[in-house]
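K.L.:
dropping the sequence and predicted coords here.
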Amino acid sequence: MLGACPLDCPDTCSWVVTVRDGEAVTMRGNPDHPYTRGALCVKVNRYLEHAKAADRILHPMRRVGPKGSGRFERISWDEALDETAARLRGIVEEHGGEAIWPYLGTGTLGYLQGAEGVAGRRFWNVLGASRHHLNICSVAGNTGLRQVNGTPGGMDPETFALSKLILLWGTNTLTSGHHLWKFIQEARAAGAYVVAIDPIRTRTAEQADEHLPIRPGTDAALALGLMNVVLAEGAEDRDYLANRTSGWADFREEILRYPPERVAEITGLPVAGIRALGVRLAHTRPTGIRATMGIQRHAGGGTAMRTIAAIPGVTGDWRHPGGGIAYSTSGHIHLDIDTRDDLLARPVRTLTMTRLADELDESVKCLWVYGANPMASTSDQNRIRERLLREDLFTVVVEQFPTDTVDYADIVLPATMQIEHADLHAGYGHMYLMWNEPAVEPPGECLPTTETFRRLAARMGLTEPSLYDSDLELAEQLLSSGHPSLEGVTLDRLRKEGWVRLNVPQPFVPFTEGFPTPSGRLEFGSGPAYVPPHTASAAPGPYPLSLITPASHTFLNTTFGNNPELLRRSKGPRVLVNPEDAARRGLGDGQRARVFNGNGGFEAVVEISEKVRPGVVASAKGHWGKLSPGGATVNAVVDGRDADMGRGAVYHDNLVDLVPVSPSSSADSPALSP
Ligand SMILES: Nc1nc2c(c(=O)[nH]1)N[C@H]1C(S)=C(S)[C@@H](COP(=O)(O)OP(=O)(O)OC[C@H]3O[C@@H](n4cnc5c(=O)[nH]c(N)nc54)[C@H](O)[C@@H]3O)O[C@H]1N2
Ligand SMILES: Nc1nc2c(c(=O)[nH]1)N[C@H]1C(S)=C(S)[C@@H](COP(=O)(O)OP(=O)(O)OC[C@H]3O[C@@H](n4cnc5c(=O)[nH]c(N)nc54)[C@H](O)[C@@H]3O)O[C@H]1N2
Ligand code: SF4
Ligand SMILES: [Mo]
């Protein structure tokens with residue numbers, strides 16, 4: 001049976017599930033898919049094991065212990081639907097629909113069951129619920145790119161095979177979307193030079209030809225410095241600048257304010273290294289830039305993406321296959337996401353995902369969490385916990401596993417996993433649409449998100465017909481936008497073939513006919529081209545270390561955080577500390593430390609390493625608090641603060657300090673040992 005990986009990963013792999021006697025027995029990467037080419041990853045290789053795990057939630061449950069205790073009794077779906085329907089109706093009548101916060105995360109990106117299609121939106125519109133701004137991941141970068149190119153969409157990642165210089169900029173390819181690596185290797189075989197720009201010497205940086213260990217949050221300054229060298233070399237593409245871009249005169253002035261010497265001071269990189277890369281950039285066509293979400297999780301993250309996106313405008317790289325910038329291909333996907341906002345009786349407020357701690361106030365009476373694990377994945381964890389303990393808050397969590405968030409639920413509803421439901425997907429790192437056919441029956445009483453909403457609508461007596469559309473009807477509607485890129489892409493074909501490439505040329509070179517901006521040109525824009533990170537602008541204070549919290553190699557966000565083997569392989573929670581910073585604090589390798597700031601703290605095992613520069617520490621996201629010593633995750637120290645664009649999150653832009661934890665103080669920790 002052909003399916004697709006639902007996880008929030010650019011690669012959206014095609015998989016083949018073998019079913020014997022109604023049971024899924026093997027799952028393999030589809031060898032025929034041009035991007036998957038037969039491989040899954042260290043995480044999803046355990047998907048079947050995970051789907052059968054002993055801790056899988058199989059039945060609806062009602063809280064019996066105090067909030068946060070995670071103590072539940074099994075109830076029937078009938079009881080669960082009666083109770084949730086009655087509570088929702090009561091809340092709408094007494095407080096209005098906006099007292100409901102439908103908190104949808106990225107547990108699945110499916111267009112039917114998850115984030116990309118905003119599952120449940122019709123239902124919430126009929127109730128008049130608050131709007132949920134899913135800003136947790138990529139919004140600052142999307143906004144910055146849109147200002148320049150008119151869309152976050154850029155290069156087809158497959159065309160990196162044709163690049164001659166590849167900048168892996170704030171992206172850990174081998175961990176967070178490794179299928180791109182094949183195309184990078186192809187380019188290398190043809191002579192390409194690969195540079196990683198990352199404060200951490202990641203496994204990707206280790207494989208690159210060169211690694212620039214930049215000071216966090218200073219990438220826009222580096223981009224300006226590189227363009228400064230391009231101008232000094234006289235290598236800007238004057239024809240492209242004159243005919244295909246707008247705002248060049250002003251932007252050129254901005255570039256001239258950033259000579260390599262100044263950029264070296266800001267970025268902490270050597271002048272010679274900046275100049276050498278600038279010269280290389282000036283004379284290597286095509287240059288392909290792979291920048292993903294890492295660089296935009298900063299105070300100036302949107303601006304960083306905007307300024308980096310200016311580079312191909314200056315070099316004219318958009319002329320060539322293998323040139324330009326690739327952030328997310330989502331801008332090239334033109335499915336008809338009909339959110340049915342016409343069903344709203346009146347405009348409603350918007351609540352922001354990463355501001356759960358601030359915005360979950362008395363005005364919210366029901367928090368409906370689905371596809372999300374905010375107690376582990378969202379900033380300002382300690383304040384979220386306080387909010388979730390509120391007695392008059394009705395919390396429903398729709399889940400597959402007993403996560404940190406489930407512990408705070410009043411009602412828990414069991415959700416299907418990908419092999420058990422239908423869904424439509426599009427990669428955000430490739431150019432294919434994918435169909436996921438259910439391979440097996442759901443275990444226990446698990447239901448797909450779509451079916452849960454249909455049943456709840458019926459129990460509430462809602463009469464809007466579109467609330468009862470079937471999964472296949474929803475998929476047909478999504479495919480019916482009439483956009484030329486979907487010509488020939490039908491549901492029948494998807495179901496038969498598993499995946500279909502968008503109807504675009506191969507190789508795909510975007511913007512040859514102009515940019516989807518107001519001027520039709522690449523827009524350099526105005527305003528500051530570099531916004532310093534919080535960690536640089538904050539006055540010297542009690543927390544001197546800059547913390548990065550990147551993707552874990554063994555988890556996908558907090559998904560798989562409870563898989564015993566992947567947890568063991570993560571060796572975590574761990575924190576990377578430079579030898580200088582460790583010595584100053586009397587920290588030894590392998591010792592447990594508390595990482596803390598004014599928000600709170602979490603515990604991690606110290607790994608002393610030159611992989612991080614002095615002043616920078618790193619600890620991966622994805623661990624569950626309840627399985628960690630001390631009961632908290634990295635997000636206990638992450639501020640609930642907005643990036644410069646789109647209210648993006650600032651996961652890599654926080655100040656902390658470390659102290660050793662004496663063995664006695666954590667001996668009574670409820671957690672597994674790492
Ligand atoms: N294995 C695995 N894969 C994943 C995920 C996962 O949790 N695990 N998460 C998925 C999700 S949700 C997403 S959004 C993507 C994210 O994928 P990535 O964009 O790769 O996200 P991060 O790991 O946050 O950051 C990437 C790199 O940016 C670096 N970085 C941080 N700050 C800066 C900076 O200021 N400048 C520069 N130049 N580099 C910086 C980090 O050190 C890190 O190595 O990956 C997806 N893939
Ligand atoms: N410190 C730090 N924190 C981060 C980040 C970081 O870089 N650093 N990155 C952020 C990013 S990029 C992202 S995208 C967010 C992700 O944060 P979340 O959106 O909270 O995603 P997950 O933590 O993976 O939790 C998803 C949950 O959805 C469940 N799930 C999966 N499929 C389904 C389904 O079909 N139905 C239902 N009901 N549930 C399902 C899974 O079991 C899982 O528990 O985390 C953010 N958190
Ligand atoms: S997590 Fe990414 S690399 Fe792993 S199977 Fe899913 S799409 Fe492929
Ligand atoms: Mo994400």
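P.N.:
Happy to help now that I have it. These numbers come from a predicted model, not from an experiment. Ligands and ions are numbered 1, 2, ... in the order given.
K.L.:
quick one, helices of the stretch 201-350 of the chain?
P.N.:
203-207, 219-232, 238-244, 248-256, 260-267, 271-283, 301-315 (DSSP state H, counting those that start in this stretch).
K.L.:
residue farthest from the centroid of this structure?
P.N.:
Gly234 (38.2 Å; Cα atoms, centre = their mean).
K.L.:
need phi/psi at that residue.
P.N.:
Main-chain dihedrals, Gly234, degrees, to the nearest 10: phi 70, psi 30.
K.L.:
please apply the same query to Val396.
P.N.:
According to degrees, to the nearest 10, Val396 has phi -110, psi 130.
K.L.:
that one against Thr405, yeah?
P.N.:
No - contact between Val396 and Thr405 fails when scored by Cβ atoms under 8 Å: they sit 10.8 Å apart. From N, CA and C alone the C-beta is placed, and that goes for glycine too.
K.L.:
and those two? Which one has more around it.
P.N.:
Counting neighbours by other Cβ atoms under 10 Å for Val396 and for Thr405 shows that Thr405 has the greater number, 27 against 24.
K.L.:
ok, now which ones touch the more buried one?
P.N.:
Thr405 sits next to Val369, Ala372, Asn373, Pro374, Met375, Ala376, Leu388, Val397, Glu399 when contact means Cβ atoms under 8 Å, 6 or more residues apart in numbering.
K.L.:
and the two most separated of the residues you listed?
P.N.:
Leu388 and Glu399 (14.4 Å; Cβ to Cβ).
K.L.:
which bits of this protein sit near ligand 1?
P.N.:
8-9, 106, 137-138, 169-172, 175-177, 197-200, 202, 214, 216-217, 219, 292-295, 297-298, 548, 550-553, 555-557, 621-622, 652 (Cβ under 6 Å from any ligand atom).
K.L.:
and ligand 2, which of these contact it?
P.N.:
Asp8, Thr106, Cys137, Met293, Arg297, Asn557, Lys621.
K.L.:
how near is the second one to ligand 4?
P.N.:
For Thr106, the distance to ligand 4 equals 6 Å [Cβ to the ion, to the nearest Å].
K.L.:
and that residue, how far from Gly324?
P.N.:
Thr106 sits 26 Å away from Gly324, going by Cβ to Cβ, to the nearest Å.
K.L.:
same check on the third one?
P.N.:
As for Cys137, its distance to Gly324 is 22 Å (criterion: Cβ to Cβ).
K.L.:
Ser546 reaches Thr218, doesn't it?
P.N.:
No - the criterion here is Cβ under 8 Å, and Ser546 misses it with Thr218 at 10.7 Å.
K.L.:
excluding its own residues, what touches stretch 283-291? List them.
P.N.:
Against stretch 283-291 from outside (Cβ under 8 Å, 6+ apart): 141, 155, 157, 159-160, 162-171, 173, 180, 187, 193, 233, 235, 281, 305, 308, 311-312, 315-317, 319-327.
K.L.:
longest strand in this protein, by number of residues?
P.N.:
strand 600-608 (DSSP state E).
K.L.:
closest residue of this protein to ligand 1?
P.N.:
At 2.2 Å from ligand 1, Gly294 is the closest residue in the chain, using Cβ to the nearest ligand atom.
K.L.:
now do the contacts for the closest residue to Thr18 other than its chain neighbours.
P.N.:
Leaving out its chain neighbours, the residue that sits closest to Thr18 by Cβ to Cβ, 6 or more residues apart in numbering is Thr26, at 4.5 Å. Under the criterion of Cβ under 8 Å, 6+ apart, the neighbours of Thr26 are Val17, Thr18, Leu48.
K.L.:
looking at the residues you listed, which is nearest Ser485?
P.N.:
Nearest member of the contacts of Thr26 to Ser485, counting by Cβ to Cβ, is Val17, at 28.4 Å.
K.L.:
the closest one against Met27, yeah?
P.N.:
Yes - the pair Val17 / Met27 is scored as a contact, 5.0 Å apart, by Cβ under 8 Å.
K.L.:
now for those two: what residues contact both?
P.N.:
In contact with both Val17 and Met27: Leu48, Ile419, using Cβ under 8 Å, 6+ apart.
K.L.:
helix, strand, or coil at Gln113?
P.N.:
Using DSSP: H, G, I helix; E, B strand; the rest coil, the structure places Gln113 in coil.
K.L.:
and Ser466, by the same measure?
P.N.:
helix.
K.L.:
one step back: point out the most buried one among the helices of the stretch 201-350 of the chain.
P.N.:
Sort the helices of the stretch 201-350 of the chain by mean neighbour count, taking mean count of other Cβ atoms under 10 Å, and helix 301-315 sits at the top with a mean of 29.
K.L.:
tell me if that one is near ligand 2.
P.N.:
No - using Cβ under 6 Å from any ligand atom, helix 301-315 never reaches ligand 2; the gap is at least 11.5 Å.
K.L.:
which strands or helices does that helix pack on?
P.N.:
helix 139-149, helix 219-232, helix 238-244, helix 271-283, strand 287-291, strand 324-326, strand 522-523 (3 or more Cβ pairs under 8 Å, 6 or more residues apart in numbering; DSSP states H and E).
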